[in-house]
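J.: missing the sequence, but the structure's below:
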């Protein structure tokens, strides 16, 4: 996938999230940046638990059929909050790609060095 295509997709996601946040009643949304990041972090954690609940992580329980559709929906909920947190931190899609590349290289170095 070319950089332009992938970048356009990330730009689209950011625009959609910004539009959604402009529609919301934000009376109860924290007014300060730290409070918003804290609230969004909490939302991400709770959505991650909802994603986990779509799996058969309870080894003591009879497993149910894994519902990929439900799992995808929960993962997209996480994306909504991650993108909103990115907007709150004034990260652009370009910033995210660059920060991701930096952290990816750190993680690769860690793997090469027995982290």
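T.: Alright, I've got the coordinates. The structure presented is a predicted model; accordingly, all values stated were derived computationally and were not measured.
J.: Least confident secondary structure element in this structure?
T.: Of all helical and strand segments in the chain, the minimum by mean pLDDT, DSSP states H and E falls on helix 3-23, at a mean of 87.
J.: distance of residue 22 from residue 80?
T.: In this view, residue 22 and residue 80 are 14 Å apart by CB to CB, to the nearest Å. Where C-beta positions appear, they are placed from N, C-alpha and C, glycine not excepted.
J.: wait, residue 36 sits on residue 29?
T.: Yes: at 6.6 Å, residue 36 and residue 29 qualify as touching, with contact defined as CB atoms under 8 Å.
J.: more neighbours, the two?
T.: Higher neighbour count among residue 36 and residue 29: residue 36, with 18 against 13, using other CB atoms under 10 Å.
J.: What helix or strand is residue 110 located in?
T.: helix 93-112 (DSSP states H and E).
J.: helices and strands around that helix, which ones?
T.: Contact partners of helix 93-112 among helices and strands, from 3 or more CB pairs under 8 Å, 6 or more residues apart in numbering; DSSP states H and E: helix 3-23.
J.: ok, then the element right after the helix it packs on?
T.: helix 33-52.
J.: follow-up on the earlier one: between residue 22 and residue 80, which has more neighbouring residues?
T.: Counted by other CB under 10 Å, residue 22 and residue 80 do not tie: residue 80 has more neighbours, with 18 against 8.
J.: got the contact list for that one?
T.: 17, 20 (CB atoms under 8 Å, 6 or more residues apart in numbering).
J.: helix or strand for it, which one?
T.: Counting by DSSP H and E, residue 80 is found in helix 68-88.
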